[in-house]
Each structure stands twice: as structure tokens, then as C-alpha cells.
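J.: pasting a predicted model and its sequence here:
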Amino acid sequence: MRSLIDIKELTPAEIDELIATAYDIIANPAKYAEVCHGKKLATLFFEPSTRTRLSFEAAMYELGGNVLSVSSAGSSSASKGESVADTAKVVSCYADIIAMRHPKEGAPLVASMNASIPVINAGDGGHNHPTQTLADLLTIHREKGRLSDLTVGFCGDLKFGRTVHSLITALARYTGIKIVLISPDELKLPSYIKKDVMQKQGIEYVQTEDLMAVLPELDILYMTRVQKERFFNEEDYLRLKDSYILTPDKLKVAKPDLAILHPLPRVNEIAVSIDEDPRACYFKQVLNGKYMRMALIMKLLEVHA
Ligand code: CP
């Protein structure tokens, strides 16, 4: 039995397999409509979500399975003090697989150590978000036809941005990847990711605060929200929240085939007028997340079309 807590638990070959399954699901949805018949997914979300929870649930329904859902900490016995470990043991009695989001880093790992069914990390604090990375990788693959030989800019909150941490970890294993880190000084990428991921894999990277200086060289621009919920101090959030706002005017210097990604939700960091630009890929990314979650659920439940 396997869980997915960190994207590096999947080899690049397994990611290729998941992407191939997602392409087949897109081409032949009827083939997959009953593969999870009789199986139940429990979505345990102790932190707000729109995309991740609903796409997991849509994924399971489209595979012919069913869903049990906890959509907030307040609606579960976590609010009475039940531990993550006990919750995982209890839900293992009802479901076949768990997708868990939690504000505490490491909570899905604790759940996986206590559950008797697979656990998927659906985002843990400012740490990791491996299934968002699967959505991002399929989006890059569909837009560019490859996951190698790309210059990828990450812009915004690189300190607390769990989607950034997971995507850099995944991309660092491909050849010809150059990473451009664009953030205010206070929101720089944690040094453990620079050291243990990028330097270890020999990935070329630069850090800058100046989006406009690096925008012309990017193949992918991964924008992120400055996350209010991760700040201890409202003053710091207000000072940093609008550090980068992408507008049509700024995009004039970008490559014509740039792909703009954002895990969403968006607040101010991408002007709504960019949504009509063919380079805007963030709503395609949302849909790709459902396909990759379908492929992942099948893999962890060991079911086949
Ligand atoms: N991208 C993402 O995790 O969105 P939600 O918080 O809405 O799930």
C-alpha cells in the first residue's frame, strides 16, 4: 500500500505514467467511468479549499466511486481535540483512500503512518502540495510538449508557497531546467530547498526582486498569491501583498509562447484582463488537476481501466 506525501516519492517514470494515463482519460473518459465502482474516497480538509477538494471529489465520481467529506476542522471531531492519528485510524474503517489537507506541516504524513489505507497529501501548511504539482506538470506538458529544457520563473511568495516547493522539487529532476526565483527579500525560497533540492541536483538558478528584468527569458511564469493566512503580522502582509501584479502592459516584453501558471486562488497578482491572453493557462491548470487526481487515485488503489 502506497501513500503520496511528497512529490519526490514518485519517480520521473511514474510521473510519466500518470501523465500518460491523464491523456488517455482526456481522450477516452468512458473507459474510466466505472473503474472505482464500490470504492470510497474520504476528503479530510482541515483548511479551506475550492479546487483541491472539489477536484478530488469530481475525480472520484468520474471514476465511478463515492466520496465521504469533511470540509472544515470545525465540522469534525478535530474540534473536540481528536488527534490526526486517531482520525486516520477511524476513517480507515469507512473509506478506501484519504485526501487530507491540514494547516500543520507533516499532518498528512502522521495520518499515513496511522491509516490502513493510502493517504494523499492535499496540502500541508507552507510545506508541500504534491497533487497541485501533478496538475502543474500536466499543464506544462500539454503547453510545451516536454518537462525538460525550460526556464521557469516562480514569482511572489516563495517562502510559504507549498506549490512552489513541490514543483521545484519535481522539476529539479529533469534536464535543462533553469529556475528563476522572483520575490521580495522577506518571501525568498527557504534555504533548505535551494541546498537539498536545487544545489544537490545541480540546477541552475538565479534570485531577483525584479520581475521585469527576467520576464523576457521565461518559458513558464508561475505566479503565486501572498498568503495572508501564513503571516503572523498583518502589517507585513499589507506591505507585501501587492509586490507583483502582472498586467497586459508588463506582458509585452514576455515571449509570445510564455505559459502563465498560477495554482489559484488569485487575489491581485494577475490582472483579470490577462485571462483572455492565450498565454494564460491557470484555468486549464484547474481542469488538468482533476485528470491527474483521477490517474493518482487509480494508481494508489491499484485499479486499471
Ligand atoms: N490550488 C489550490 O490548492 O487551491 P485550493 O486552495 O482552492 O484547493
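T.: Sure, I can see it.

J.: contact residues of this protein facing the ligand?
T.: By C-beta under 6 Å from any ligand atom, the part of the chain that sits against the ligand consists of Ser49, Thr50, Arg51, Thr52, Gly123, Gln132, Pro263, Leu264, Pro265. For glycine as for every other residue, the C-beta is placed from the backbone atoms N, C-alpha and C.

J.: mind listing the helices for this protein?
T.: Using DSSP state H, the helices assigned to the chain run over residues 12-27, 51-62, 84-91, 107-114, 130-144, 162-171, 191-193, 211-214, 234-240, 248-251, 282-301.

J.: send me the fourth one as PDB with only the CA atoms.
T.: Just to be clear, that refers to helix 107-114. This file holds the C-alpha atoms of helix 107-114, laid out as PDB (Å, rounded to 0.1, in the frame of the first residue of the first chain):
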ATOM      1  CA  ALA A 107      -0.100  16.200   9.400                       C
ATOM      2  CA  PRO A 108      -0.800  14.000   6.300                       C
ATOM      3  CA  LEU A 109       2.500  12.100   7.000                       C
ATOM      4  CA  VAL A 110       1.300  11.400  10.500                       C
ATOM      5  CA  ALA A 111      -2.100  10.300   9.000                       C
ATOM      6  CA  SER A 112      -0.300   8.000   6.600                       C
ATOM      7  CA  MET A 113       1.600   6.300   9.400                       C
ATOM      8  CA  ASN A 114      -1.600   5.500  11.200                       C
END
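
J.: and the angle from it to helix 84-91?
T.: For helix 107-114 against helix 84-91, the angle by axes from the mean of the first three to the mean of the last three C-alpha atoms, to 10 degrees is 60 degrees.

J.: which elements pack onto helix 107-114?
T.: When contacts are defined as 3 or more C-beta pairs under 8 Å, 6 or more residues apart in numbering; DSSP states H and E, helix 107-114 packs onto helix 84-91, strand 97-102, strand 119-124.

J.: pLDDT on it, on average?
T.: Taken as a whole, helix 107-114 has an average pLDDT of 98.

J.: most remote residue from the middle of this protein, which is it?
T.: Distance from the C-alpha centroid of the chain, by C-alpha atoms, centre = their mean, peaks at Lys80 (29.7 Å).

J.: select only the buried ones of the residues of the chain next to the ligand in ChimeraX?
T.: To isolate the buried subset of these in ChimeraX, counting by 16 or more other C-beta atoms under 10 Å, use the following:
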select :49,51,52,123,132,263,264
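
J.: redo the residues of the chain next to the ligand as JSON lines? Include pLDDT.
T.: As requested, those are exported to JSON lines (pLDDT from 0 to 100):
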{"residue": "Ser49", "pLDDT": "95"}
{"residue": "Thr50", "pLDDT": "96"}
{"residue": "Arg51", "pLDDT": "97"}
{"residue": "Thr52", "pLDDT": "98"}
{"residue": "Gly123", "pLDDT": "97"}
{"residue": "Gln132", "pLDDT": "98"}
{"residue": "Pro263", "pLDDT": "97"}
{"residue": "Leu264", "pLDDT": "97"}
{"residue": "Pro265", "pLDDT": "95"}
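
J.: and the gap between the nearest residue to Lys159 once chain neighbours are set aside and Ser83?
T.: Nearest non-adjacent residue to Lys159, counting by C-beta to C-beta, 6 or more residues apart in numbering: Leu187, 4.6 Å away. From Leu187 over to Ser83 the distance is 32 Å, taken as C-beta to C-beta, to the nearest Å.

J.: can you check Phe46 too?
T.: 12 Å.

J.: more neighbours: which of these two?
T.: Phe46 (23 against 14; other C-beta atoms under 10 Å).

J.: wait, the more buried one touches His102, no?
T.: Yes - using C-beta atoms under 8 Å, Phe46 is in contact with His102, at 4.8 Å.

J.: chain center to the worst-scoring helix or strand of the chain on mean pLDDT, what's the gap?
T.: Every helix and strand of the chain was ranked by mean pLDDT, DSSP states H and E. The lowest is helix 234-240, at a mean of 81. Here helix 234-240 is found 25 Å from its chain centre; the criterion is C-alpha atoms, centre = their mean, to the nearest Å.

J.: go on, stretch 102-121?
T.: For stretch 102-121, the distance to the chain centre is 16 Å (C-alpha atoms, centre = their mean).

J.: may I see the buried residues of that stretch?
T.: For stretch 102-121, the neighbour count (16+ other C-beta under 10 Å) marks 102, 107-112, 114-115, 117-121 as buried.

J.: which one of the residues you listed is nearest Arg239?
T.: For the buried residues of stretch 102-121, the residue nearest Arg239 by C-beta to C-beta is His102; the value is 28.1 Å.

J.: read off the pLDDT value for that closest one.
T.: Looking at His102, its pLDDT stands at 97.

J.: so what's Met1 up against?
T.: Listed by C-beta atoms under 8 Å, 6 or more residues apart in numbering, the contact partners of Met1 are Ser116, Ile117, Pro118.
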